[in-house]
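A.B. asks: Here you go, sequence then predicted model.
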Amino acid sequence: MHEDVARVLISEDALRDRVAALAGEIEQAYEQSVTGITVVAILTGAVVFLSDLMRHLPYRMEVGYITVSSYTGPAVTSGGAKLGVISLPELRNRDVLIVDDILDSGGTLRVVQSVLRDRGPASLRTAVLLRKPGKAPAEVAVDFVGFDVEDVFVVGYGLDFDGYYRNLPYIAELKSERYGRSSDDA
Ligand code: XMP
């Protein structure tokens with residue numbers, strides 16, 4: 001275990017198994033899709049989840065991404081979200097699946113879902129690896145959830161603190177003494 005980690009919340013094995021099962025749920029949901037799906041990843045946090053998930057999905061698929069700055073402090077979500085780079089294929093009349101790392105306050109997904117809805121997709125669904133239950137407002141709906149996690153600041157498997165720890169292969173809670181400087185990279 002990394003020296004800055006207080007405890008591992010979700011092991012590498014549990015992540016692998018759940019991501020494979022989640023891909024099965026997604027595959028079923030898109031059984032009727034005629035055009036194939038367009039995955040839109042919210043970077044940088046979703047990068048590891050995206051790469052594991054998409055390799056389980058057998059569809060004809062396009063991939064786009066949006067970068068979002070979503071929190072002002074290193075370990076505190078503000079609920080606000082600012083879009084950065086948007087690199088998307090045509091979404092009109094496509095079945096679109098948003099892939100994000102975590103649903104926390106819901107600020108990020110609220111903005112991204114609204115921007116993508118305006119592009120006229122045939123359907124719009126959202127998959128998140130993690131969700132902190134009870135924090136996001138009900139109107140920020142997600143269709144596929146890997147794990148519900150307690151309300152602590154988590155890192156690893158793509159999620160960062162101050163830009164670091166994304167490469168940890170598990171989801172962990174950071175030691176509290178590591179908190180304190182600022183970052184705005186989702
Ligand atoms: P919101 O609050 O907009 O949060 O739903 C979404 C984005 O904020 C980041 N975030 C976290 N990052 N550990 C992290 O490493 C956390 O516990 C955490 N909570 C929110 C994340 O980038 C997410 O996409």
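C.D. replies: On my side now, so go ahead.
A.B. asks: Need the residues that contact whatever helix or strand E62 lives in.
C.D. replies: In the assignment (DSSP states H and E), E62 maps to strand 61-69. Contacts of strand 61-69 with the rest of the structure, by C-beta atoms under 8 Å, 6 or more residues apart in numbering, involve 36-44, 50, 54, 81-89, 91, 94, 108, 111-112, 115, 184-186. To be clear about C-beta, it is placed using only N, CA and C from the backbone, and glycine gets the same treatment.
A.B. asks: ok, it near the ligand or not?
C.D. replies: No. Using C-beta under 6 Å from any ligand atom as the criterion, no contacts between strand 61-69 and the ligand are found, and the smallest distance is 6.9 Å.
A.B. asks: Neighbouring strands of that strand in the sheet, and parallel or not?
C.D. replies: Note on strand 61-69: by DSSP bridges, its sheet partners are strand 37-43 (parallel), strand 82-87 (antiparallel).
A.B. asks: tell me the most buried of these?
C.D. replies: For these, ranked by mean neighbour count under the definition mean count of other C-beta atoms under 10 Å, the leader is strand 37-43 at a mean of 24.
A.B. asks: which helices and strands sit right next to the lengthiest helix in the chain?
C.D. replies: Secondary structure assigned by DSSP state H gives helix 12-29 as the longest helix of the chain. Using 3 or more C-beta pairs under 8 Å, 6 or more residues apart in numbering; DSSP states H and E, the elements in contact with helix 12-29 are helix 47-54, strand 123-131, strand 144-148.
A.B. asks: Tell me which of the ones you listed sits nearest to the ligand.
C.D. replies: Minimum separation from the ligand across those (C-beta to the nearest ligand atom) falls at strand 123-131, 7.8 Å.
A.B. asks: Which of the helices or strands spans the residue positioned nearest the centre of the chain?
C.D. replies: What sits nearest the mean C-alpha location of the chain, by C-alpha atoms, centre = their mean, is D100, with 1.6 Å. Assigned by DSSP H and E, D100 falls within strand 95-103.
A.B. asks: so after that strand, what's the next helix or strand?
C.D. replies: If you walk from strand 95-103 toward the C-terminus, the next helix or strand you reach (DSSP H and E) is helix 107-117.
A.B. asks: Can that next one be said to contact the ligand?
C.D. replies: Yes. Against the ligand, helix 107-117 shows contacts by C-beta under 6 Å from any ligand atom at 107-108.
A.B. asks: Kindly report the same for stretch 153-172.
C.D. replies: Yes. Using C-beta under 6 Å from any ligand atom, stretch 153-172 reaches the ligand at 153-155, 159-161.
A.B. asks: I'd like the average pLDDT over that stretch.
C.D. replies: Mean pLDDT, taken over the full extent of stretch 153-172, equals 96.
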